[in-house]
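Asks: take a look and give me a structure for this.
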Amino acid sequence: MNVLPILKEPFIGRAQCIPSCASCPAHDLGLCHGMSETPDGRYCAPPAVLPVTEQTIPARRVIFRQRDMHDFVPFICQGWASSTVTLSDGSRQILLFLLPGDIVSPSLLFGPTAHCSVEAITEVQYRSFRRDDLKVLLMRDPALIEKVAKIWTDRKLRAQQLAVDLGRRTADERIARLILSLQDRLASRGMVQGQTMDFPLRQHHVADATGLTAVHVSKVLSEFRRRGLIEISDRSLTVLKPDEFQRVATMR
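Replies: Below you'll find the predicted structure:
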């Protein structure tokens, strides 16, 4: 796969954001004001506070690799991506699915290396701010440092939960918890209708995120469908029996 480089010359961005703007760290930190509706029903995106680059990456392309060096901190505006670590035998572990409103890697706020690879699952649009610009802004306002600490803590808690899931939970629990976690995160961004959410993941994505084989994932999902717990279409998933599915996810 080809690596598409981040733009080197910043410009003031004017991309239209989606409802996930409210949960985006860039919005919370005051870097980007998101999209607003004008009285005549049109939408506009105010200029970002700091110089910003914008990039659109096609699906299944690598955004950056594990040991790449970066001067920018990217924030996902649209699309799904995955944060992964690849082992010496070529297998990989997905650490987190990146959704609209996510910072790609909080570690890039403090250093040039993300310590993971990021790959677009769908077409991804993201905005990147220069790390040096962000540092200057953070040093001027201690309240922003608190917000960054919250982002870092949330990502650390997700990593700890992943370790517990991989080490101590059954295949049914792992997959059910993954689905419910994605549903919660999408719901916080206004991207769930009823119990139906976007679900562009394939079985190999779920397998890499849960430490299972694609065959095992297929069997578990088939059993969930047989029991009437979920329904999966081409790019969406509906939880049909939320209470029962919750019990599957927390049976321990």
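Asks: CA only for contacts and neighbour counts going forward, please
Replies: Will do.
Asks: which residue ranges form the helices in the stretch 51-200 of the chain?
Replies: Using DSSP state H, counting those that start in this stretch, the helices of the stretch 51-200 of the chain run over residues 131-140, 142-168, 171-187.
Asks: which residues of the chain fall in strands?
Replies: Along the chain, the segments classed as strands by DSSP state E run 36-37, 43-44, 52-57, 62-64, 72-78, 81-86, 92-98, 117-120, 124-130, 192-193, 196-198, 230-232, 236-239.
Asks: and the helices of the stretch 51-200 of the chain, which is most packed in?
Replies: Across the helices of the stretch 51-200 of the chain, averaging neighbours per residue (mean count of other Cα atoms under 10 Å) puts helix 171-187 on top, at a mean of 19.
Asks: low-confidence ranges, the stretch 1-150 of the chain, go.
Replies: For the stretch 1-150 of the chain, the stretches with pLDDT under 70 are 1-49.
Asks: check the stretch 151-252 of the chain too.
Replies: Scanning the stretch 151-252 of the chain residue by residue, the ranges that satisfy pLDDT under 70 are 251-252.
Asks: stretch 215-233: which residues count as buried?
Replies: For stretch 215-233, burial by neighbour count (16 or more other Cα atoms under 10 Å) applies to Val217, Ser218, Val220, Leu221, Phe224, Leu229, Ile230, Glu231, Ile232.
Asks: how about JSON lines for those, with distance to Leu96 added?
Replies: As requested, those are exported to JSON lines (distance: Cα to Cα, whole Å):
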{"residue": "Val217", "distance to Leu96": "17"}
{"residue": "Ser218", "distance to Leu96": "20"}
{"residue": "Val220", "distance to Leu96": "21"}
{"residue": "Leu221", "distance to Leu96": "20"}
{"residue": "Phe224", "distance to Leu96": "23"}
{"residue": "Leu229", "distance to Leu96": "24"}
{"residue": "Ile230", "distance to Leu96": "22"}
{"residue": "Glu231", "distance to Leu96": "23"}
{"residue": "Ile232", "distance to Leu96": "21"}
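Asks: ok, of the residues you listed, which one's closest to Thr84?
Replies: Taking Cα to Cα as the measure, Thr84 sits nearest to Val217 out of these, at 18.5 Å.
Asks: so what's the closest one up against?
Replies: Residues touching Val217, when contacts are defined by Cα atoms under 8 Å, 6 or more residues apart in numbering, comprise Ala171, Ile175, Gln203, Val206, Ala207.
Asks: now do the fourth one against Leu166, distance only.
Replies: Spelled out, that is Val206. For Val206, the distance to Leu166 under the criterion Cα to Cα, to the nearest Å works out to 13 Å.
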